[in-house]
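Novice: The sequence isn't on hand, but the structure is:
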């Protein structure tokens, strides 16, 4: 089967087989030639990230979260690339998306700063906007917002209309100030 695949497809398939043989209970799909999507249980994420970093995926491009309010879960997505490892542009174009789900009601996860130091602002942002606590993070202080919110503003149950009414309806109109 591998003989009919191009170089990039062989690389993707090889990485997929290596991940599947190393880690249990992971699901891997290759939605397109430059992407590999890995879904794992949250207790395996740190080990998978260390494995991928050792496999030259040394650049954490992004950490994001998806709010699955109906399932009472958040999905954390770690996007990894190779950063200038060699001149093989096909290898550098490959993106790994590692996904895991955590509880929405107690949104705690281990920090990955020890593996990818540039995770620091991403974790702060997710803490501030979704309320996810990253255990072991050195400073989960506000990064973007000026005020505290009852419900973090990127959660699906955050009521934007109520927030706008509560905050901005209290500000007098310019016409009222001139009277």
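Specialist: On my side now, so go ahead. Computed from a prediction, not measured in an experiment: that's the story for all the values here.
Novice: By residue count, tell me the biggest helix in the protein.
Specialist: Using DSSP state H, we find that the single longest helix of the chain is helix 7-22.
Novice: counting contacts, what elements does it pack onto?
Specialist: For helix 7-22, the elements it packs on are strand 27-32, strand 35-39, helix 45-54, helix 89-92, judged by 3 or more CB pairs under 8 Å, 6 or more residues apart in numbering; DSSP states H and E. In short, each C-beta sits where N, CA and C put it, glycine included.
Novice: now the shortest one: mean pLDDT?
Specialist: Taken as a whole, helix 89-92 has an average pLDDT of 53.
Novice: Kindly report the same for the third one.
Specialist: Along helix 45-54, the predicted confidence averages to a pLDDT of 97.
Novice: residue ranges of the strands in the chain, please?
Specialist: Ranges of strands within the chain are 27-32, 35-39, 59-68, 73-81, 95-103, 108-110, 133-135, based on DSSP state E.
Novice: Can you say which of these is nearest to residue 163?
Specialist: Ranking the strands of the chain by proximity to residue 163 (CB to CB) places strand 59-68 first, at 16.5 Å.
Novice: Describe which strands that closest one pairs with in its sheet and in which direction.
Specialist: strand 73-81 (antiparallel) (DSSP bridges).
Novice: Same question for the partner strand: list its buried residues.
Specialist: Within strand 73-81, the residues scored as buried using 16 or more other CB atoms under 10 Å are 73-74, 76-81.
Novice: who touches that strand?
Specialist: Here strand 73-81 makes contact (CB atoms under 8 Å, 6 or more residues apart in numbering) with 42, 45, 49, 52-53, 57, 59-68, 92, 94-104, 107, 109, 112, 126, 130, 132.
Novice: Using neighbour counts, give me the buried entries of the residues you listed.
Specialist: Judged by 16+ other CB under 10 Å, buried ones among the contacts of strand 73-81: 45, 49, 52-53, 57, 59-61, 63, 65, 67, 92, 94-102, 104, 107, 109, 112, 126, 130, 132.
Novice: that older thread, can you add pLDDT and distance to residue 122 and give the buried residues of strand 73-81 back as JSON lines?
Specialist: Formatted as JSON lines, these follow (pLDDT from 0 to 100; distance: CB to CB, whole Å):
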{"residue": "73", "pLDDT": "98", "distance to residue 122": "19"}
{"residue": "74", "pLDDT": "98", "distance to residue 122": "14"}
{"residue": "76", "pLDDT": "98", "distance to residue 122": "10"}
{"residue": "77", "pLDDT": "98", "distance to residue 122": "10"}
{"residue": "78", "pLDDT": "98", "distance to residue 122": "9"}
{"residue": "79", "pLDDT": "97", "distance to residue 122": "10"}
{"residue": "80", "pLDDT": "97", "distance to residue 122": "12"}
{"residue": "81", "pLDDT": "94", "distance to residue 122": "15"}
